[in-house]
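Requesting a structural model of the entry that follows:
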Amino acid sequence: MRICPIRHRNVGTQVWNKTRTLSTVNGAKEGKSSFDVRAVTADYERRTELAAKNRTGADGSRVFRMVLPPPNVTGKLHLGHALTVTVEDVICRHKRIYGHHAIWHVGFDHAGIATQAVVERHLWNESKLRRHHISREQFLQLCHQWKDTRISEISNQLKRLGATLDWSNPYFTMDERFGRAVAIAFCRLYSEGLIFRERRLVNWCPTLQSTISDQEVDHIDVGQSKTISIPSLGSSKERSIKMGVMHHIRYELVEKHRSAEHLEVATTRPETTFADVALAVHPQDARYFHLIGKAVRHPLIPNRIMPIIGDENVKPDKGTGVLKITPSHDFVDLNIARRHKEEIDDEAMNRCCIDEQGRLVNAPGFNGLDRFEARSKVIDRLREIGAYGGESSCSGGQIPMCSRTGDIVEPMMKEQWFLRCDEINDAILDAVNTAKLHITPDFLRTKLEEWLSNKEPWCLSRQLLWGHRIPAYRIANSNKWIAATSDEDARRIFGTEVKNSAGIMQDEDVLDTWFSSSLVPLVVAGWPEKRLNSSPLSLMETGHDIVGFWVARMLTVCYRLSGCIPFTHVLLHGLVRDSAGRKMSKSLGNVIDPVDVIDGISIDDMIGRLKESSLPDSEKEVASSNLRTMYPNGVTRCGPDALRFALLRYDLTALDINVNISETALEGLRFCNKLWNLCAYAKSLWSKAQSGTESRKSIHPADRWIKSCLSNSLQAMNMRIDEGNVHLAFASIHKFILADLCDVYLETTKKALWNNEEKRINEIAVVLREVIEKSLIALSVFMPFVSEYLFEQIRTDNRLCIYDRYLVENELSSDVDNELERRNLNSQIKFT
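Numbers count the residues shown, from 1 in each chain. Down below sits the predicted model:
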């Protein structure tokens, strides 16, 4: 990852001392000689609250609305969150100083699966109890306690970062207003025929005992044989499983053909043979095409006869070129089987051999065995009957693993609730293609379009305790389901049917977290009580990794429920990784709490905190070693401005942002010190100038040049922010202060000071005050604490603060000198 370059202007051949201390003039010092983080951040809550409430010149007609992607209540924020907060805070602060009423909504996501998993681990570590050892109410109480603690911690982190959020009405995605919105949304979509209940293949985690979304599935490359660790069935210990091996199984032909007596299949999952329904070959494979329409006998269930079918999705060069079709346990197999309904009957299509616990069922002689324990026993049995053809390596194979538990995901047929999205997605795609919805950067537009082009229905059901109970009901001892917002509503809908039964029962499952999250734009705008006539948000900014899971689903659900696209512009940033390009992971020891960069932390405290975590001991050892390598001296106290500086120094539009936080935060700390020294130098110079000269306009080339440079930088900053290139906007003002103001202009002032040129000192004083104040106002968008603190230190009119309308309208006006730019006068400036 390249840090955004700072290109210096051509300033002639003069060489100057870049290590000078600008806080000293003729040996005299004013105030502290270096940047003081504590002084700058001592009043951070008041400053942030003031900035959030600022409505510089806003008349109510220029309202800008944005929502912070709600952090999960699983744990504290990390650097990825800090990047999101920084980018969005820059956008809101910039809107405010230019007259918009910027409302930045804040909330927290209940994160169903993730939170339940972390609370279960906490319960085990603290009490050695499992979820099923306590009641539903007790477990939910633990989840709420966990949530309350995390919300408090996250709120503190957000405030320490300087986030100018609207704290007047924070939300939680399981609070009362979200509960009502979720129930109404589900019922309305159900009544329109978009939500339905059906038996389909889903991702199932045996450890979690729940369906999981595609986002919670990590596809791990196993290469040519690899041993991986997964949770043991019914135990807290892990076990090792050998993966990436193809086992060859022989299926006897019912009718012998010439010299062929059997077809040999290479599979990585011999334990699923009990659910086989057919064998498939490519119709143009010369080795097998003549066998299409014939039949084979199941090696372990001899009375089961299965057809040989031809399908173009079979890869002739993979394995033996023969694929066993097991539709109840493989997504590819299911798609193939659906295309051959004439050869495969309904009974076969529903055949399964692994249950929710990951144990074999409908497998004579192997029932009750764990799926991986059964694997070796099935191979032994095949070998005994002469149906095992040995093993071979499997190149390019992948294993689906649950990101929450580390267990291997089991595709499983389950009756679940689904949302049909294809028609709605087509309408959103039309909005993208007709420029009603803009995606920045443009190259990520394809990623959103791919998600919206997916015609598969969205599985809404999760077998969890923590989440919104699905508002669906059935009469006891019946399979007739209806959707209702409450028990009373359900009884009203069932009417007389319920009087002659044992009552009604609500679905025990909860909704996918993303369903409630998809309603965020509507709920913060007052829906369903308030009817919407336009997009509730001005901009949606988030990481590109959730463009499908969150952005696409917000577009889909909100548009269908309100008739309005929830936002007309999507701004996406990259994923924060460590300096080696690795994903942030606690097990690697590269996850950093933003507050640790702000306050600093010793390596001993980092290791101590790691030891108290719930990570397995083996992962703690790896993480501890990595921490000592990456942060041998811990993390230096840098403050929030230096942290924001560090994050803004990278290309935020890149897919991956490889961050060396220690190095760039220290660079930010040095820049803060540069600002401190700049203002100290200016105050010393102002003390030598005569009062009453403020109205005089300097015609000195150096003065005109620096004012022109500033105006150009401000225009570039504004343009880049409007484009969505926040990092380039920051680079513009950063370069101006560092290269133009400090490294060039200030050098031109020293001769006048040394020679005590009264007239020139007065001119410089006026220009320097104007330029520094304008620079600090602009910089406050990116580095608010140091900018506001220094602004207050140098401002002579104590009645004005950095957000006053007078300052913004007058001090950010343009001073571009076109004549000066044409003459390229900066190259003529000489230092003596």
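
Confirm Leu300 sits in a helix?
No. Applying DSSP: H, G, I helix; E, B strand; the rest coil, one finds Leu300 to be coil, outside a helix.

thought it was touching Arg381?
Yes. Leu300 is in contact with Arg381 according to Cβ atoms under 8 Å; the separation is 6.7 Å. Bear in mind the C-beta positions are built from the backbone N, C-alpha and C, glycine included.

Contacts only, for the residue most central in space within the chain.
Per Cα atoms, centre = their mean, the C-alpha nearest to the average position across the chain is that of Gly543, at 4.8 Å. Gly543 sits next to Pro69, Gly80, Thr84, Leu572, His573, Gly574, Leu575 when contact means Cβ atoms under 8 Å, 6 or more residues apart in numbering.

any idea how far it is from Cys679?
Distance, Gly543 to Cys679, using Cβ to Cβ, to the nearest Å: 36 Å.

and if you look at Ser213?
52 Å.

Which one's more surrounded, the two?
Cys679 (23 against 17; other Cβ atoms under 10 Å).

Show me what counts as buried in the helix or strand in which that one is found.
Under the criterion of DSSP states H and E, Cys679 resides in helix 661-688. Residues 661-662, 664-669, 671-686, 688 are the ones in helix 661-688 that count as buried (16 or more other Cβ atoms under 10 Å).

circling back to that earlier point, okay, the residue nearest to the centre of the chain and Gln145: tell me how far apart.
29 Å.

Do a quick rundown of the strands in the stretch 1-150 of the chain.
Applying DSSP state E, counting those that start in this stretch to the stretch 1-150 of the chain gives strands spanning 24-25, 28-29, 63-67, 101-108.

Can you name the element that comes right after whichever strand or helix holds Leu710?
Taking DSSP H and E as the criterion, Leu710 maps to helix 701-723. The helix or strand immediately downstream of helix 701-723 is helix 726-735, counting by DSSP H and E.

Now tell me what touches that following helix from outside.
Against helix 726-735 from outside (Cβ under 8 Å, 6+ apart): 4-8, 87, 90-91, 94, 645, 648-653, 671, 713-714, 716-721, 775, 778-779, 782.

Now do the following helix or strand past it against helix 661-688, angle only.
Sequence order places helix 746-754 as the next helix or strand after helix 726-735, per DSSP H and E. Computed by axes from the mean of the first three to the mean of the last three Cα atoms, to 10 degrees, the angle separating helix 746-754 from helix 661-688 equals 30 degrees.

Would you pull up how far helix 746-754 lies from the middle of the chain?
Computed by Cα atoms, centre = their mean, to the nearest Å, the chain-centroid distance of helix 746-754 equals 50 Å.

again, but for stretch 156-176
The answer for stretch 156-176 is 17 Å, by Cα atoms, centre = their mean.

Span of stretch 591-607 from start to end?
12 Å (Cα to Cα, to the nearest Å).

How many neighbouring residues does Arg720 have?
Around Arg720 there are 18 residues (other Cβ under 10 Å).

what's the closest non-adjacent residue to it?
Ala729 (3.7 Å; Cβ to Cβ, 6 or more residues apart in numbering).

elements contacting the helix or strand containing Leu429?
According to DSSP H and E, Leu429 maps onto helix 422-433. With contacts taken as 3 or more Cβ pairs under 8 Å, 6 or more residues apart in numbering; DSSP states H and E, helix 422-433 sits against helix 445-452, helix 553-562.

which parts of the first one are buried?
Of all the residues in helix 445-452, those buried under the rule 16+ other Cβ under 10 Å are Arg445, Lys447, Leu448, Glu449, Trp451, Leu452.

which is the next helix or strand following it?
Defined by DSSP H and E, the subsequent element after helix 445-452 is strand 458-459.

tell me the mean pLDDT over that following strand?
For strand 458-459, mean pLDDT is 94.

I'd like to check which residues are in contact with the closest residue to Arg136 other than its chain neighbours.
Nearest non-adjacent residue to Arg136, counting by Cβ to Cβ, 6+ apart: Leu465, 5.7 Å away. By Cβ under 8 Å, 6+ apart, the contact list for Leu465 reads Gln116, Arg131, Arg136, Phe139, Leu140, Cys143, Val510.
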